[in-house]
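All I have is the shape, not the residue letters:
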Ligand SMILES: [Mn+2]
C-alpha cells in the first residue's frame with residue numbers, strides 16, 4: 001500500500017522550474033512489457049513513497065536540496081505508440097536541457113531511457129552510461145521489435161558507441177547478448193573501475209529496479225533472483241559522487257505487483273541518494 005501524497009510532486013522536489021537545477025519527470029509507459037506490465041504506475045508510486053522518508057541522507061551527511069529540484073509530474077504518453085512515446089519524451093527532455101536543467105526521469109519500462117539519452121547525445125558526443133540491471137537489455141530485436149525494454153541498451157550503444165555502457169548487477173541474458181555485456185562487480189572497486197574508464201566525460205545513470213534482488217524489490221516486470229541488496233548499492237554512493245553526471249533515471253517499478261509497497265519505498269530512497277549525488281556533481285548540458 002502506498003503512502004498518500006500531500007502535494008502533487010515528490011517530497012524531494014519543491015522547487016520552481018525557473019529556479020531549479022534538476023527536473024524530475026515521470027515517463028508512465030510500459031507498452032513493450034513482455035512478462036508483467038504495470039510500470040506505467042511507477043512514477044506516481046515512487047512520488048508518494050517519498051513522503052515516508054526523510055530529506056536527510058545519513059550516508060551522504062546532507063539533505064536533498066528540495067528547492068533546487070522541480071517535479072514536472074508525469075508526461076502524457078500514448079499507451080500503445082512506442083515511437084510517439086519516445087519522441088514525446090525526447091522533445092520534453094530537449095526542452096529541459098534548453099532551460100539548463102538536468103533531467104531525472106522516473107519510468108516506466110526501461111525502453112523509455114532511450115529518449116533522454118537521445119536528447120543528451122545530441123549535446124554530448126562523448127556520452128557514457130552506467131546501468132544497474134539484472135539484464136543487459138542488449139538484444140538486437142525482441143519479439144520481432146527493435147524498440148523494446150530488452151533492446152534498449154543495444155539501441156543506446158548504437159548512439160553512444162561500443163563499450164560505453166557499463167553494467168552492474170547483470171545476471172541473466174540471452175546467450176547471444178552475453179558476450180556483448182560489459183559487466184562490473186557491485187563493489188566499491190567495481191565502481192572505481194567504472195570511474196577510471198569514464199573519466200571526466202559526461203555520464204548518464206540508469207537504475208533498473210530489478211538490479212536489486214527481488215527480496216527487496218519484488219514489484220517489477222521481470223524479477224531475477226540473485227541481485228544486490230540495498231547495503232551493496234549504498235556502498236557505491238561514495239565512488240558515484242566522482243562522475244560528471246548529465247542525467248539519471250530509475251525505471252521498472254511496477255507497484256501493483258508488490259502489495260506491501262516496499263519496491264517503491266526502496267526506489268524512493270534510491271532517488272533521494274541519486275538526487276543528492278546529482279545536485280553535487282551534475283552538469284547541465
Ligand atoms: Mn532493464
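Received, thanks. Given the structure is predicted, the values throughout are model-derived calculations rather than measurements.

Name whatever forms a beta bridge with whichever residue of the stretch 151-285 of the chain sits closest to the ion.
Going by CB to the ion, the ion is nearest to residue 208 of the stretch 151-285 of the chain, at 3.7 Å. Every C-beta, even on glycine, is put in place using the N, C-alpha and C of the backbone. Going by DSSP bridges, residue 208 is paired in beta bridges with residue 251.

Phi first, then psi, for residue 121.
phi -70, psi -20 (degrees, to the nearest 10).

Residue 72 too?
phi -80, psi 0.

wait, isn't it in contact with residue 20?
No - in this structure, residue 72 is not within contact of residue 20 by CB atoms under 8 Å, at 9.9 Å.

Which of the helices or strands spans residue 95?
When elements are assigned from DSSP states H and E, residue 95 belongs to helix 82-98.

With residue 206 instead?
Using DSSP H and E, residue 206 falls in strand 202-208.

tell me, which helix in the protein spans the most residues?
helix 262-281 (DSSP state H).

For that one, list every residue counted as buried.
Residues of helix 262-281 classed as buried by neighbour count (16 or more other CB atoms under 10 Å): 263-279.

returning to that earlier point: and the helix holding residue 95, what does it pack onto?
For helix 82-98, the packing partners by 3 or more CB pairs under 8 Å, 6 or more residues apart in numbering; DSSP states H and E come out as strand 22-27, strand 102-107, helix 114-121.

one more time with 6 Å
Using 3 or more CB pairs under 6 Å, 6 or more residues apart in numbering; DSSP states H and E as the contact test, the elements touching helix 82-98 are helix 114-121.

mean confidence score for the helix it packs on?
For helix 114-121, mean pLDDT is 98.

can you state the direction angle for whichever helix or strand comes after it and helix 262-281?
Moving toward the C-terminus from helix 114-121, the next helix or strand (DSSP H and E) is strand 128-132. Counting by axes from the mean of the first three to the mean of the last three CA atoms, to 10 degrees, strand 128-132 points 150 degrees away from the direction of helix 262-281.

what's the average pLDDT for strand 128-132?
The pLDDT scores in strand 128-132 average 98.

Would you mind listing the outside residues contacting the next helix or strand after that strand?
Counting by DSSP H and E, the next helix or strand C-terminal to strand 128-132 is helix 152-160. Applying CB atoms under 6 Å, 6 or more residues apart in numbering, the contact partners of helix 152-160 are 110, 111, 113, 114, 117, 121, 127, 137, 138, 140, 165.

Return the residues of the stretch 151-285 of the chain in contact with the ion.
residue 208 (CB under 5 Å from the ion).

The closest residue to the ion within the stretch 51-200 of the chain - nearest residue in space that isn't next to it in sequence?
The ion sits closest to residue 110 of the stretch 51-200 of the chain, with a gap of 3.6 Å, by CB to the ion. Among residues not flanking residue 110 along the chain, residue 149 sits closest, at 4.4 Å (CB to CB, 6 or more residues apart in numbering).

cool, and residue 19?
residue 67 (7.1 Å).

per-residue confidence for residue 270?
pLDDT, residue 270: 98.

how near is it to residue 80?
Distance from residue 270 to residue 80, counting by CB to CB, to the nearest Å: 29 Å.

Same check on residue 211?
Counting by CB to CB, the gap from residue 211 to residue 80 is 28 Å.

Good, wrapping up.
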